[in-house]
Structure formats: structure tokens, C-alpha cells
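Asker: fold the following, please.
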Amino acid sequence: MGRKFYLGLDLGTQVGVSRVFMDGDVECLTVKLKTAPELRLRALQDVLRVNDTPDCMGVAVEEPFGRHYNVVRMHMRLLGAVEMACHVRGLPFNPVNASTVKKQATGKGNADKEMKLS
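Answerer: The predicted structure follows:
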């Protein structure tokens, strides 16, 4: 067995993928997705497949938010697909509000990108 981790996904135009290990280490990468919905879904399936190991303790996904209906609608589709894929694989699925993540990381729920990176 390797190191236990949680998989984190940010379902934006460029999907943020992180593995947060129980020992405190974090691995992050960005996956550029095609615009066609079926290609976006296939890429997310690949991310889940690669990380579906006995060491994965669950998947946390940033909940969709935004002012533009079409963006939120696409994110909701992706969120549903990820939830179903997790269910099929037997992985715990946890949607997480972005402000909760920001507050945990920076102490401020409306932190901007610069604050999050520092």
C-alpha cells in the first residue's frame, strides 16, 4: 500500500486536480479540457480512473458557482458525472463550497487568487 490521500477536483474550464495526502503533502496539476461536453466527461473519467486506487479515501469536488447560467449548467453536468463515477467506483463523494476551501486555506472566505497562492 502507498500513502492514503483524498482527491480534490475544481471543475473549471481547466480542471484543477489535487491529491492531499494524510501526511500533509499535496500534489497539484491542471488538466485542460476540450470544449465538447463528451470530451470533458471522458477526461474527467480518466482522472478518476488513474486515481482510483486502494489509497484514495474519497473525492472532494468544488461546487459550481457563478453568475453565468451556461457556465453553472456545464459545471452541474460535470458534477453529476463525477458523483456517478464515484458511486460506481465505491469512492466517497463530497461536494465542497469554494468559500469553505478558501477560508480553510487563507482564513478568508472570499480570498482572491493571489491570497490563495501565497
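
Asker: mind listing what's buried along the helix with the most length in the chain?
Answerer: Ordering each helix of the chain by length in residues (DSSP state H) puts helix 69-89 first. Buried residues in helix 69-89, defined by neighbour count with 16 or more other CB atoms under 10 Å: 74, 75, 78, 79, 81, 82, 83, 85, 86. In short, each C-beta sits where N, CA and C put it, glycine included.

Asker: in TSV: the residues you listed, plus distance to residue 9 and pLDDT.
Answerer: Formatted as TSV, the buried residues of helix 69-89 follow (distance: CB to CB, whole Å; pLDDT from 0 to 100):
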residue	distance to residue 9	pLDDT
74	14	78
75	11	80
78	9	84
79	9	87
81	11	87
82	7	89
83	11	91
85	11	89
86	10	91
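
Asker: point out where the chain drops to low pLDDT.
Answerer: Across the chain, the ranges flagged by pLDDT under 70 are 1, 66, 101-118.

Asker: please redo it, this time with the cut-off set to 80
Answerer: Along the chain, the model assigns pLDDT under 80 to residues 1, 12-14, 32-38, 64-74, 98-118.

Asker: next, the distance between the ends of stretch 26-46.
Answerer: Start and end residues of stretch 26-46 are separated by 20 Å (CA to CA, to the nearest Å).

Asker: how far does that stretch sit from the chain's center?
Answerer: Taking CA atoms, centre = their mean, to the nearest Å, the mean C-alpha location of stretch 26-46 is offset from the chain mean by 10 Å.

Asker: repeat for stretch 5-21
Answerer: Chain-centre distance of stretch 5-21: 4 Å, with CA atoms, centre = their mean.

Asker: what's next to it, contact-wise?
Answerer: 3-4, 22, 26-33, 43-44, 47-48, 51, 55-62, 64, 75, 78-79, 82, 91 (CB atoms under 8 Å, 6 or more residues apart in numbering).

Asker: strands along the protein, start to end?
Answerer: Remark: strands assigned in the chain by DSSP state E are 5-10, 14-21, 26-32, 56-62, 93-96.

Asker: out of those, deepest packed?
Answerer: When you average the neighbours per residue for each of the strands of the chain (mean count of other CB atoms under 10 Å), strand 5-10 leads with a mean of 20.

Asker: name the strands paired with that strand and say parallel or antiparallel.
Answerer: Strand 5-10 has the following sheet partners, assigned by DSSP bridges: strand 14-21 (antiparallel), strand 56-62 (parallel).
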